[in-house]
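Engineer: Here is a sequence together with a model predicted from it:
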Amino acid sequence: MALNRRFWGATLFLVALPPAAVAQAGEELAMSEAAAVRALMDNRLTPERDRALALALELGPRAGPELRAAVIAAAWAEIRGETDRPEGEARGEAIGNFAYAVAGLRDRRGIPLLIELLPNAPFASKLAEFDADVVFPPLIETAADPGGHHSRIAGCLEALRLMIEDGSLAERQMSQVREVSRERLAGTHHRFVVTEAMRVGVALRDPGIRQVIERVAADRAAAEALVSPYLPSGEMVLDYPSTVDRVQETARVLLASGGR
């Protein structure tokens, strides 16, 4: 997917619209959902577009299917730079507001967008709230992607762990999660991936993964073999020894706390 590369180098600002804006939307709910759809599908930056977003935030899952689809499409337009919004912090805030609105819709059509934003936004808990049969396939596919972004992989593993903990997953689904987590604890990976794979293993009460965690906690060489010293760009991780320290400490905490 050809997304704007400059965006992904920045932090996504998840800033909900200020209360005054939402209150204004409440006063102006005379704006019909049909009008909101038209405003959102027009990628010009207009006051009507802001009102439409505020309306979507106000309605959440009560929004009709056409409005939900328009919010999701408008969020993708913001991410891909298809509006005339200039680069910078304001664009990050706009993407954050649209993403927040998509998360609040609880619409399955928004799942790919929430996964796409995982490197920049903490949506794992929102993804875990979807029906397991709907959200599990894209989560497990992303978690297993050998070329995926490390934060996206870690976020999907986190969502899957939350679903294990609340009993949402069937045994066959947990078996798939177990397999992916074991794969992520072989070879070398970014520390985010290693950490989440260990947490998943504890949630699954998997004895094989527990053995890996015990080795990582006790043996620095084992931790160094598991945690990559390189970023996906090929650059060295800054202060790699401290990175290994953090992974070992996480392993020890998991063992001592029973996974909490």
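Structural biologist: Yep, it's here.
Engineer: How is the closest residue to residue 208 other than its chain neighbours assigned, secondary-structure-wise?
Structural biologist: Excluding the flanking residues, the one nearest residue 208 by C-beta to C-beta, 6 or more residues apart in numbering is residue 182, at 6.6 Å. In short, each C-beta sits where N, CA and C put it, glycine included. Put simply, residue 182 is helix when judged by DSSP: H, G, I helix; E, B strand; the rest coil.
Engineer: So what's the residue count around residue 182?
Structural biologist: 17 (other C-beta atoms under 10 Å).
Engineer: List the residues that contact residue 190.
Structural biologist: By C-beta atoms under 8 Å, 6 or more residues apart in numbering, the contact set of residue 190 is 150, 154, 227, 228, 231, 232.
Engineer: should've said residue 71
Structural biologist: 40, 53, 56, 63, 98, 101, 102, 105.
Engineer: cool, and residue 106?
Structural biologist: 60, 61, 129, 130.
Engineer: State the helix or strand in which the closest residue to residue 108 other than its chain neighbours lies.
Structural biologist: Excluding its sequence neighbours, the residue lying closest to residue 108 (C-beta to C-beta, 6+ apart) is residue 134, at 4.9 Å. If you go by DSSP states H and E, residue 134 is part of helix 132-144.
Engineer: name the helices or strands packed onto that helix?
Structural biologist: Judged by 3 or more C-beta pairs under 8 Å, 6 or more residues apart in numbering; DSSP states H and E, the packing partners of helix 132-144 are helix 111-116, helix 124-128, helix 150-165, helix 171-184.
Engineer: Packed most tightly, which of those helices would that be?
Structural biologist: Most buried of the helices and strands packed on helix 132-144, by mean neighbour count (mean count of other C-beta atoms under 10 Å): helix 150-165, with a mean of 24.
Engineer: quick check: angle from that one to helix 171-184?
Structural biologist: 140 degrees (axes from the mean of the first three to the mean of the last three C-alpha atoms, to 10 degrees).
Engineer: Quick one: work out the angle between helix 150-165 and helix 132-144.
Structural biologist: Going by the same axes, to 10 degrees, helix 150-165 makes 140 degrees with helix 132-144.
Engineer: what's in contact with helix 150-165?
Structural biologist: Contacts of helix 150-165 (C-beta under 8 Å, 6+ apart): 115-116, 118-120, 122-125, 127-128, 132, 135-136, 139-140, 142-143, 145, 169, 174, 177, 180-181, 184, 189-190, 192-193, 195-197, 199-200, 203-204, 232.
Engineer: now that helix, how far from the chain's geometric center?
Structural biologist: Put simply, helix 150-165 sits 8 Å off its chain's centre (C-alpha atoms, centre = their mean, to the nearest Å).
Engineer: cool, and stretch 79-90?
Structural biologist: 20 Å.
Engineer: That one: which residues count as buried?
Structural biologist: Within stretch 79-90, the residues that count as buried by 16 or more other C-beta atoms under 10 Å are 79, 81, 83, 85.
Engineer: Kindly list the main-chain dihedrals of the second one?
Structural biologist: Residue 81 has phi and psi values of phi 70, psi 30 when expressed as degrees, to the nearest 10.
Engineer: Now residue 250. Nearest residue, chain neighbours left out?
Structural biologist: Nearest one to residue 250, counting by C-beta to C-beta, 6+ apart, is residue 195 at 5.2 Å.
Engineer: contacting residues for that neighbour?
Structural biologist: Contacts of residue 195 (C-beta under 8 Å, 6+ apart): 154, 247, 250.
Engineer: Just the element for it, please.
Structural biologist: Counting by DSSP H and E, residue 195 is found in helix 191-204.
Engineer: Just after that helix, pick out the following helix or strand.
Structural biologist: Next along from helix 191-204, by DSSP H and E: helix 207-218.
Engineer: what's in contact with that following helix?
Structural biologist: Outside helix 207-218, the residues that touch it by C-beta under 8 Å, 6+ apart are 178, 181-182, 185, 194, 197-198, 200-202, 222-223, 226, 247-248, 251-252, 254-255.
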